[in-house]
Each structure stands twice: as C-alpha cells, then as structure tokens.
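Peer 1: fold the stuff below for me.
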Amino acid sequence: MEEEAKIDPEVVKKQAWKVAMDRAKGIKVHDNLRKLKESIKKEEKKHNKSKDKWKGRAESVETKRKENVKAKIEQKKMRKIEKREKKLMRPGFEGRKEGFINGD
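Peer 2: Predicted coordinates for the structure are as follows:
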C-alpha cells in the first residue's frame with residue numbers, strides 16, 4: 001500500500017485500466033500475489049534440487065576419476081614388473097641363473 005502511495009496516481013490508474021482491458025480481451029493477467037509467490041517458491045525449490053543433484057554428480061565423477069587414475073598407475077607398475085620378470089626368465093641370455101645343469 002505504501003509503495004503504491006509513492007507512485008503517481010495517474011500511472012496506477014493507467015495500469016488498472018490496462019489490466020481491465022486485458023481481462024476483457026480474454027488475456028490472462030498474472031496479478032494474484034499469493035500465486036506468484038507460490039510459483040517463485042516452487043522455482044527456487046526446483047533450482048535447489050537440481051543444484052544438489054549436480055553437486056552429487058560432480059562429486060561422483062571426481063571420485064571415479066581418482067579411482068581410474070589410481071588403477072592406471074597400478075596397472076603401469078604391474079606391466080613394468082611383468083616385463084622385468086619376463087626378461088629374468090631367460091637364463092643364459094639376459095637374466096637369472098637357476099643353478100647348474102648337473103649340480104645337486
């Protein structure tokens with residue numbers, strides 16, 4: 001009420017006529033404050049819900065990425081060990097000596 005008192009009465013009258021003419025033409029006029037507040041609240045809830053969902057998705061992607069990087073490093077270590085073991089299994093060429101052929 002106080003806000004309307006500060007506004008020029010001519011502007012208020014013009015706006016009231018515009019609303020009345022729109023209603024007469026069959027155009028929907030959205031001026032019910034209770035419904036407007038409810039719709040704003042509904043939009044905010046929807047926004048917060050999607051924000052939380054996105055945050056959860058981002059966290060899951062981050063943890064999955066960390067696991068993948070850790071697995072890749074582990075796999076690289078294992079490949080290196082397997083390669084070394086393969087080389088050591090060729091006695092007489094590069095690697096390990098199992099013992100003498102005729103030795104006890």
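
Peer 1: going forward, measure contacts between C-alpha atoms and count neighbours the same way
Peer 2: Fine.

Peer 1: pull the distance from the host helix or strand of residue 10 to the chain's centre.
Peer 2: Taking DSSP states H and E as the definition, residue 10 sits inside helix 9-25. Remark: helix 9-25 is offset 45 Å from the chain centroid, using C-alpha atoms, centre = their mean, to the nearest Å.

Peer 1: neighbours around residue 38, how many?
Peer 2: 11 (other C-alpha atoms under 10 Å).

Peer 1: relative to residue 19, how far out is it?
Peer 2: 21 Å (C-alpha to C-alpha, to the nearest Å).

Peer 1: now swap in residue 67 and tell me
Peer 2: Taking C-alpha to C-alpha, one finds residue 67 at 61 Å from residue 19.

Peer 1: the two: which is more packed in?
Peer 2: Higher neighbour count among residue 67 and residue 19: residue 19, with 17 against 12, using other C-alpha under 10 Å.

Peer 1: excluding chain neighbours, give the residue nearest to that one in space.
Peer 2: residue 29 (6.8 Å; C-alpha to C-alpha, 6 or more residues apart in numbering).
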